[in-house]
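Engineer: Dropping a prediction and its sequence here:
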Amino acid sequence: MEKERFKGGLPVLNLNAAGIDIGATQYDVAIIKEGTDYHSVKQFGTFTKDLIQLVEYLKSNKVTTVAIESTGIYWINLYLLLEKEGIEPYLVNAKHVKNVTGRKKDDTDAIWLQKLHSCGLLQKSFQLDSVFHTLRTYVRHREKTLQIGADSVRRMQKAFELMNVKIHNVISDILGKTGIEIIRAILQGVRNPEDFLKYKDPRIEASDQDIMDSLNGIWNEEFIFLLQQAYDAYCFSQKQVHECDEKIEKTLIHIYAKVKDGDISNIESSRKKRVGKNQFYFDARKIMHGIVGVDLCKIDGLNEMTVVKLISEIGIDMKKWKNANHFAAWMNLVPNTKITGGKIISSRMQKKKNHAGLILRMASSNMSKSKSPLGDYSRRMRSRVGGKGAVVASAHKVSKIVYHLISNKVEFNSSLIIENQISWKQRQIVNLEKRLEKLKNIA
């Protein structure tokens, strides 16, 4: 039997390719000198002037595409600079290029990257467009700031416990109107429990006596100092959150203007009359509807906060994924099935962090309590694979819905899910009738 083989090994698809191994203190750049067959590896520093010299070096050697391997965030500045100069960067997964031959060093890593990239063997990691990258930066920073604020609240509660003040056990939320006023009064020197009653909101269900008993504390100076520090930190974090909201609103309006060719007349009055805790002060749902083209908030489990966070992670260009299955797999919402010899040897979820997938998992965590069709689906999966499996399965279902809605620009319609639920119930009835008939025959 005759076999055909490549004469010179793998075919070279990217003739003008380079490989860069990025570290905290140096960049190793590997290229093939024009007219030769050997690699040239040059080291650059990490200062801004070094990045500019690196890009000029690539341009002078007619490099058109670059494979980048990096850890952390060291790659971002170089990536953006390469895009700006018209050189296509490929940010690759380190797991895909770890089998470097010979002793592992920075220069050999760069050469190995160049070899693989020139043969077209590397996959490009997903990257957002620049404007969505900016949005993602603001949204992620807002989440971190909220976490800092939550830590400050826990430290306020600890200060209350040290003072034996039990107000956080009497009222449901110490950050509500009554709780904040009481904290401010304590920091201003109020100590008589009866003096705190004037801050009680009519909606508080606790009795006056319970509130006075809970506020009869031990007013040590060091405990008051801890409360003051925690309260100041909370107020500062809330100020930062509001500043993040302003940046997010401006960025969303900028994206909206690009999508609508500069027409922002429909979102000029997007302020909310009432703002919930940790919510946007502007109507993000209206803006996101215009940007995405469909109202994703109609999907069960998704609200305006979730939609903003999700779109900041995936953008609105669904062509970057082959299909809905590829989109769900990228979100790490499907098991990594390994098959050898025609048999499945492993089928587990990958241990990797995908922010978009985590957002949908959080949105689907309580879906089993919903009376919607997606809630029925979540309960059905819960009975089959348990609570954690149901959350992943529900998030997988939502990811496919999101993909189809954005791709086809159609509004969410739960009738299709209802039809699937009805057909599933009918199949269950038929199966139960068969089992009942079988039991009758046995009896």
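Structural biologist: Perfect, thanks for sending it. Numbers count the residues shown, from 1 in each chain.
Engineer: does I180 belong to a helix or a strand, and which?
Structural biologist: Using DSSP states H and E, I180 maps to helix 177-187.
Engineer: ok, and what's touching that helix?
Structural biologist: Helix 177-187 is contacted by residues 156, 165, 167-168, 171, 173-174, 195-196, 199-201, 204, 215, 224, 227-228, 231 when judged by CB atoms under 8 Å, 6 or more residues apart in numbering. (Glycine included, C-beta is placed from N, CA and C.)
Engineer: mind redoing it with 6 Å?
Structural biologist: The contact list for helix 177-187 (CB atoms under 6 Å, 6 or more residues apart in numbering) reads I171, F196, Y199, K200, D201, I204, Q228, Y231.
Engineer: The fifth one belongs to a helix?
Structural biologist: The one in question is D201. No - going by DSSP: H, G, I helix; E, B strand; the rest coil, the assignment for D201 is coil, not a helix.
Engineer: show me what contacts it?
Structural biologist: Counting by CB under 6 Å, 6+ apart, D201 touches K177, T178.
Engineer: Against I211, how distant is it?
Structural biologist: 11 Å (CB to CB, to the nearest Å).
Engineer: Next: the last one.
Structural biologist: Taking CB to CB as the criterion, Y231 is separated from I211 by 19 Å.
Engineer: Then the third one?
Structural biologist: Between Y199 and I211 the computed distance is 9 Å (CB to CB).
Engineer: who has more neighbours, those two?
Structural biologist: Per other CB atoms under 10 Å, whichever of Y199 and I211 has more neighbours is I211, with 22 against 18.
Engineer: Model confidence at that one, what's the number?
Structural biologist: Confidence at I211, expressed as pLDDT, is 89.
Engineer: what ranges of the protein fall below the confidence cut-off?
Structural biologist: 1-9, 35, 99-103, 268-270, 443 (pLDDT under 70).
Engineer: Tell me which residue lies nearest the centroid of it.
Structural biologist: Closest to where the C-alpha atoms of the chain average out (CA atoms, centre = their mean) is H355, at 2.7 Å.
Engineer: Pretty sure it sits against I314.
Structural biologist: No - using CB atoms under 6 Å, H355 is not in contact with I314; the gap is 9.4 Å.
Engineer: Give the partner strands of the strand or helix carrying A18 in its sheet and their orientations.
Structural biologist: If you go by DSSP H and E, A18 is part of strand 17-22. Using DSSP bridges, the strands paired with strand 17-22 are strand 27-32 (antiparallel), strand 65-69 (parallel).
Engineer: With mean neighbour count as added columns, please give those strands in CSV.
Structural biologist: Below are the strands paired with strand 17-22 laid out as CSV (neighbours: other CB atoms under 10 Å):
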stretch, mean neighbour count
strand 27-32, 24
strand 65-69, 25
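Engineer: Enumerate every residue touching the residue nearest to the centre of the chain.
Structural biologist: Going by CB under 6 Å, 6+ apart, H355 touches E313.
Engineer: I'd like the numbering to begin with 54 instead of 1 from here.
Structural biologist: Got it, the first residue is 54 from now on, which makes the last one we talked about H408.
Engineer: how close does it get to S365?
Structural biologist: Taking CB to CB as the measure, H408 falls 9 Å from S365.
Engineer: repeat for W383
Structural biologist: 16 Å.
Engineer: Between the two, point out the one with more neighbours.
Structural biologist: Legend: neighbour count by other CB under 10 Å for W383 and S365, higher for S365 (25 against 19).
Engineer: just checking, that one touches V192?
Structural biologist: Yes - here S365 lies in contact with V192, judged by CB under 6 Å, at a distance of 4.3 Å.
Engineer: got the contact list for Y80?
Structural biologist: Applying CB under 6 Å, 6+ apart, the residues near Y80 are I73, F97.
Engineer: Report the separation between it and L355.
Structural biologist: Distance of Y80 to L355, computed by CB to CB: 41 Å.
Engineer: And K158, by the same measure?
Structural biologist: On the measure of CB to CB, K158 and L355 end up 48 Å apart.
Engineer: Show me which of these two is the more surrounded one.
Structural biologist: L355 (21 against 13).
Engineer: if I look at that one, how far off is I364?
Structural biologist: L355 sits 11 Å away from I364, going by CB to CB.
Engineer: Break down the chain into its helices, ranges please.
Structural biologist: With DSSP state H, the ranges of helices along the chain come out as 101-113, 129-137, 159-171, 183-215, 220-223, 230-240, 261-267, 274-312, 337-345, 357-367, 377-383, 408-417, 426-461, 468-495.
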